[in-house]
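[1] Based on what follows, work out the 3D shape:
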Amino acid sequence: MENRPSFRNNDPHVYLIGGGIASLAAAAFLIRDGGMRGQNITILEQLDRLGGSLDGVGSPTSGYVMRGGRMVESKYLCTYGLFSSIPTLDGSKTVTQEIFEWNEIIKTNSHSRLVRRGKRIDGPEFGLSEKHILNLERLAAEPESMLGRHTIADEFEPSFFETNFWLMWCTTFAFQPWHSAVEFKRYLVRFTHMVGGFSHLRGIMRTVYNQYDSMVRPLQKWIEEHGVKFELNTCVTDLIFREDADSKAVERIAYIRSGISGEIAVGDKDLVIATLGSMTESSSLGSMESAPVQRDKADGGAWTLWEKIAAGRPEFGRPTVFDDHVEESKWMSFTATLHDPTFFRLVRDFTGNVPGEGGLITFADSSWLTSIVLPHQPHFIGQPEDVNVFWGYGLFVDKPGDFVKKPMSACSGREILTEILGQLHIEAEAAQIMNAAICIPCMLPFTTSQFLRREMGDRPLVVPPGTKRLAFTGQFCEIPDDVVFTVEYSIRSAQTAVYALLGLNLEPPPVYKGVYDPRVLYKAFTALHDIKA
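    This is a model prediction of the structure:
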């Protein structure tokens, strides 16, 4: 690459705080586009593994766990640009090639996006009134500055939240009525090209395995082969700045590793790239017989670090906007490991979709507003042939269930699986399925914290004004046009940070904007009006 600099003598060192996809991507961009040596890059991560929110752990005997999954689609230009340089674990192709080839084999086409009263709904109509549609169009066109801290509920009448459109939108993307109208607006604009196929989830793409095995592990392997250093079990507790009237720069990184405090001296040429906040911070796991406990921001390091460095520095954002409202940002997920094929067979026959083809199934009558997804099997590398894994989540975790009269937040894996079997009206085979299942629930206090109502300045810029050799990445920095709660946002933030700090004559690819394509708008218009093509 012509613009690629050459770092050799007196190389700067780069410290990446947080071991999620943003830091892994930043390390790759530093090497691939910045010409840096991997041995001059260090990733500091408080957990014992990399990957952040894109995780996947467990075994057939103890049960597999995925705290969450992120939607992938074809217009993630930063994501596919990065992974076009990253080989798969077996080295046979790039990760980007693998994803696109896989989605030619299995295309998402849900025949049961919604389930009501035990009956599947194939291609549910949106059910929007003309007033609802005009409001959607108005919101998509309205400047963000006019929306301020408005909620979605501030912009729509109550009947909007009873439509199939809202039900499918909120469960696909995890929106709640009290979430930010600005973020909802961004999603409407960003995914206009998907509205036409939304009733069948057409356009949503999948990785061959879970995203940890298919994306994180190949990326980690590549940067590790290039010499990047990983300091795990290392919780960064503070960034100590050297500040004057014109600028501020990090001079020391304070951390705790295995209970022992330490500091890293940051040189005058060194760079610091910090991931702010975390959607999976302070998460906890239950078991088949026990419910997970609810934790708060004090149980992890990410929010505490952001609050500490932002104190007295408004250009670093306002973290309490996102971390002080757990009741508005929490939900629960669960992962079921099945040693019996009965459940997958029954769901396949009920939905008309083979695993991997149908995508998210939402139980519209569920008091917990639960959804499940049956991915293609195996979903984990090394998963035995006689084991199946599925994942699900609930949005209303404090309401009593329909078959288990307890809040989801108080339920064990056995109770959650009982509720799912009830929603599917599976009775005769319920005991057989339950006896061969391991269902692990997960409480996530901050999963939708990035959707909380906010305004400009609550999230800092990737490169804050008045700073030297410092950048922020992840879901809680400000990137115009793009949408949080996506892998793309994290990778775009990493690419932006690296190019800016290295002074490269490069920019990330622009965000795809289907709203300027008449064909996209026509398909969205007909879909919103329930006009069949």
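[2] which SS state does the residue nearest to Ala265 when sequence neighbours are not counted fall under?
    In space, not counting the residues next to it along the chain, Ala265 is nearest to Arg252; the distance is 5.9 Å by C-beta to C-beta, 6 or more residues apart in numbering. From N, CA and C alone the C-beta is placed, and that goes for glycine too. Three-state call for Arg252 (DSSP: H, G, I helix; E, B strand; the rest coil): strand.
[3] burial measure for Arg252, as a count.
    Taking other C-beta atoms under 10 Å as the criterion, the count of residues near Arg252 is 14.
[4] Then Ala265?
    Other residues near Ala265 number 10, with proximity taken as other C-beta under 10 Å.
[5] any idea how far it is from His13?
    Shown here: Ala265 relative to His13, a distance of 10 Å by C-beta to C-beta, to the nearest Å.
[6] Now for Gly277: which residues touch it?
    Residues counted as contacts of Gly277 (C-beta atoms under 8 Å, 6 or more residues apart in numbering) are Ala302, Trp303, Trp306, Pro319, Phe322, Asp323, Phe446, Ser449, Gln450, Gly474, Gln475, Phe476.
[7] mind listing what's buried in the one helix or strand the third one maps to?
    Under the criterion of DSSP states H and E, Trp306 resides in helix 302-310. Of the residues in helix 302-310, those with enough neighbours to count as buried (16 or more other C-beta atoms under 10 Å) are Ala302, Trp303, Thr304, Leu305, Trp306, Glu307, Ile309, Ala310.
[8] Switch these over to JSON lines, and while doing so, append pLDDT and distance to Thr108 to every line.
    Rendered in JSON lines, the data for these read as follows (pLDDT from 0 to 100; distance: C-beta to C-beta, whole Å):
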{"residue": "Ala302", "pLDDT": "95", "distance to Thr108": "32"}
{"residue": "Trp303", "pLDDT": "97", "distance to Thr108": "34"}
{"residue": "Thr304", "pLDDT": "96", "distance to Thr108": "39"}
{"residue": "Leu305", "pLDDT": "98", "distance to Thr108": "38"}
{"residue": "Trp306", "pLDDT": "98", "distance to Thr108": "36"}
{"residue": "Glu307", "pLDDT": "98", "distance to Thr108": "40"}
{"residue": "Ile309", "pLDDT": "98", "distance to Thr108": "41"}
{"residue": "Ala310", "pLDDT": "98", "distance to Thr108": "40"}
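[9] Show me which of these is closest to Met71.
    Distance ranking of those against Met71, using C-beta to C-beta, places Ala302 first at 22.7 Å.
[10] Can you tell me the SS state at the nearest residue to the closest one once chain neighbours are set aside?
    With sequence-adjacent residues excluded and distances taken as C-beta to C-beta, 6+ apart, Ala302 is closest to Ser278, at 4.0 Å. When states are read from three-state DSSP, the local structure at Ser278 comes out as coil.
[11] just Gln377 next, same as before
    Gln377 ends up coil, using three-state DSSP.
[12] give me every residue that touches it.
    Counting by C-beta under 8 Å, 6+ apart, Gln377 has contacts Phe344, Pro355, Gly356, Gln383, Asn388, Val389.
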